[in-house]
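**Student:** I would like to see how this sequence folds:
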Amino acid sequence: VKHLDCSDKEIARHMKRYNHNAPMNANERNFTYLINVAEAIKNISQNNVFFKDCGNYNDFEEKKGIKERVVIESIMLLFHFDCWTKGKNMNIFLNDNASDVEFKIFEDELNRLAKVVNHDTTGQLFNSKNSFIWFGAFHKFTELGLEDKRFADFLVAFQDNLHSKPFDEYDGESFDTYDSGKGTKDKKVVAAKLDMLEKLMKEYFNMVDEQPVKEEVSVETVENIT
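**Tutor:** Presented below is the predicted three-dimensional model:
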């Protein structure tokens, strides 16, 4: 913007006016790359009952585009995790690849969660850092064929003790270990945390995949066969 032939008084007024507002943060800048799907994202982040009444989001996050970032990360995790990336690159990808069907599925799952998640208890898990992980976990849960209230039971158990349960396949580390480390938005860390939640769910619901038992053949049996 150019203001030509200004007096000193006009220059001072323009400087005060431009300095009145804070510059956009990274979330707000990255959102400008979402021309094709911005309306769908805003509609969910600003109007869905889960974001209004259930999740753990504060007024600052409301103003700084954090909830929009949560929706973006969730769509990427649920439907395009193979192409997972971060920041601006994620937004560029979704602008070209996200579909109305995906937003509809996500919104339907949010509506289901809103009926079983309480803001003051299990809703505290759904913060700006981990909401997308929990939305991903519920997306996996919907494939198990259980009632949604069972997912709420699992959330309670997770808050009570499962959050710190170690995994042999992750060198004795737990969800808490990964959650408190660095690079929590790196693809490897996201995949590990979601895998941990899926394993914890299946164990909690007694749906652990059973490995086939390898039958051992004794020397005596072999001799009888020959």
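
**Student:** what residues of the longest helix along the chain count as buried?
**Tutor:** The helix that spans the most residues within the chain, counting by DSSP state H, is helix 187-204. Applying a neighbour-count criterion of 16 or more other CB atoms under 10 Å, one finds 189, 190, 192, 193, 194, 196, 197, 198, 199, 200, 201 buried in helix 187-204. (Each C-beta comes from the backbone N, C-alpha and C, glycine too.)

**Student:** now tabulate these in TSV and tack on distance to residue 63 and pLDDT.
**Tutor:** TSV is the format used below for those (distance: CB to CB, whole Å; pLDDT from 0 to 100):
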residue	distance to residue 63	pLDDT
189	28	96
190	26	97
192	32	97
193	28	97
194	29	97
196	33	98
197	30	98
198	34	97
199	37	97
200	34	97
201	34	97
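
**Student:** so which strand or helix has residue 184?
**Tutor:** With secondary structure defined by DSSP states H and E, residue 184 is part of neither a helix nor a strand.

**Student:** any idea how far residue 2 is from it?
**Tutor:** Look at residue 184 and residue 2: by CB to CB, to the nearest Å, they are 44 Å apart.

**Student:** more crowded one of the two?
**Tutor:** More crowded of residue 184 and residue 2, by other CB atoms under 10 Å: residue 184, with 14 against 4.

**Student:** got a pLDDT number for the more buried one?
**Tutor:** Residue 184 carries a pLDDT value of 89.

**Student:** swap in the one 3 residues further on?
**Tutor:** pLDDT for residue 187: 96.

**Student:** thought it was touching residue 80?
**Tutor:** No: using CB atoms under 8 Å, residue 187 is not in contact with residue 80, being 11.6 Å away.

**Student:** redo the buried residues of helix 187-204 as CSV? Include distance to residue 147.
**Tutor:** Below are the buried residues of helix 187-204 laid out as CSV (distance: CB to CB, whole Å):
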residue, distance to residue 147
189, 31
190, 27
192, 28
193, 25
194, 22
196, 23
197, 18
198, 18
199, 21
200, 18
201, 14
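
**Student:** and for residue 59, the neighbour number?
**Tutor:** Using other CB under 10 Å, residue 59 has 7 neighbouring residues.

**Student:** let's number from 598 now, not from 1
**Tutor:** Renumbered: residue one is now 598, and that last one reads residue 656.

**Student:** any idea how far it is from residue 792?
**Tutor:** 34 Å.

**Student:** ok, now residue 735?
**Tutor:** Applying CB to CB to residue 735 and residue 792 gives a distance of 15 Å.

**Student:** what do you get for residue 659?
**Tutor:** From residue 659 to residue 792 the distance is 31 Å (CB to CB).

**Student:** swap in residue 633?
**Tutor:** For residue 633, the distance to residue 792 - CB to CB - is 31 Å.

**Student:** do the same with residue 756
**Tutor:** Separation of residue 756 from residue 792 (CB to CB): 19 Å.

**Student:** just residue 767 next, same as before
**Tutor:** 9 Å.

**Student:** then residue 752?
**Tutor:** 18 Å.

**Student:** can you check residue 742 too?
**Tutor:** 20 Å.

**Student:** now do residue 719
**Tutor:** Distance from residue 719 to residue 792, by CB to CB: 21 Å.

**Student:** likewise for residue 655?
**Tutor:** Distance from residue 655 to residue 792, by CB to CB: 29 Å.

**Student:** centroid-nearest residue for the protein?
**Tutor:** Most central in the chain under CA atoms, centre = their mean is residue 729, positioned 0.8 Å from the mean C-alpha point.
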